[in-house]
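# quick one: sequence plus predicted model below, questions after.
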Amino acid sequence: MRIAIILMFILNIVVSLEPKYLLNSYYNPNRLVFRLNSNAFECSMLGVVVPFYGNSNKCLNETFKKMSNLTIGYMQNNLDMEQLYGVRIINGFCIISFRNIILNEKIISDGYAVVNKGFVNDSEFLDRLLYLQDIAINNKKGLWNNFYNEMQCLKDSY
């Protein structure tokens, strides 16, 4: 099994520019753990902030518990554990792709996260995230539907 994983890793590096890793777990909606054999690393998605109850910010209230649970449910429904994900590390954060979808963009466009402008040096990527966030807001997608004020507060914090 280990040999197969190593061969898949080498093949993915040769075939694509983006190394692929197995998604092992996540312990909050924005901290994902990837592994290859016995080596593991965790990373946060670049440009993404999710409403997680453990975060300390001015928006923290009882509603955040429900929002956090809904975001965890969203992650469970949209992430396939033990699958290969493309991972690019930029400034210590990750851009994660799976089946030609960039997860950083998907979670924002689905309305379960807001844009974190910090550490995003690529203006084209940032503009894309902000555009997707505006669409999610205007269409009241995801958490923007029932938790508009809380999401707006979270958005204004970043």
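That came through fine.

# in its sheet, what does the strand ranked longest in the chain sit against?
Of all the segments of type strand in the chain, defined by DSSP state E, the longest one is strand 20-28. Looking at strand 20-28 with DSSP bridges, its paired strands and their directions are strand 31-36 (antiparallel), strand 84-90 (antiparallel).

# so which of these is nearest residue 127?
Residue 127 lies closest to strand 84-90 among the strands paired with strand 20-28, at 15.8 Å (CB to CB). Bear in mind the C-beta positions are built from the backbone N, C-alpha and C, glycine included.

# so for that closest one, mean pLDDT?
Within the predicted structure, the mean pLDDT of strand 84-90 is 92.

# repeat that for stretch 102-111.
Mean pLDDT, stretch 102-111: 97.

# kindly check the end-to-end length of stretch 114-121 for me.
The stretch stretch 114-121 measures 17 Å between its terminal residues, going by CA to CA, to the nearest Å.

# ok, stretch 102-114 next?
Using CA to CA, the gap from the first to the last residue of stretch 102-114 comes to 15 Å.

# what is the neighbour count of residue 121?
The burial metric for residue 121, expressed as a neighbour count using other CB atoms under 10 Å, is 9.

# ok, the closest residue in space to it that isn't next to it in sequence to residue 29 distance?
What sits nearest to residue 121 in space, not counting adjacent residues and going by CB to CB, 6 or more residues apart in numbering, is residue 91, at 7.1 Å. Counting by CB to CB, to the nearest Å, the gap from residue 91 to residue 29 is 20 Å.

# and these two? which has more neighbours close in?
residue 29 (25 against 10).

# could you pull out the helices for this protein?
2-15, 62-78, 103-109, 123-138, 143-146, 148-157 (DSSP state H).

# give me the buried stretch members for the shortest one, please.
By neighbour count on 16 or more other CB atoms under 10 Å, the buried set for helix 143-146 is 143, 144.

# nearest to residue 44, out of the helices of the chain?
Using CB to CB and comparing the helices of the chain, the one that lies nearest residue 44 is helix 103-109, at 10.0 Å.

# how far does the closest one sit from its chain's centre?
On the basis of CA atoms, centre = their mean, to the nearest Å, helix 103-109 is displaced by 7 Å from the centre of the chain it belongs to.
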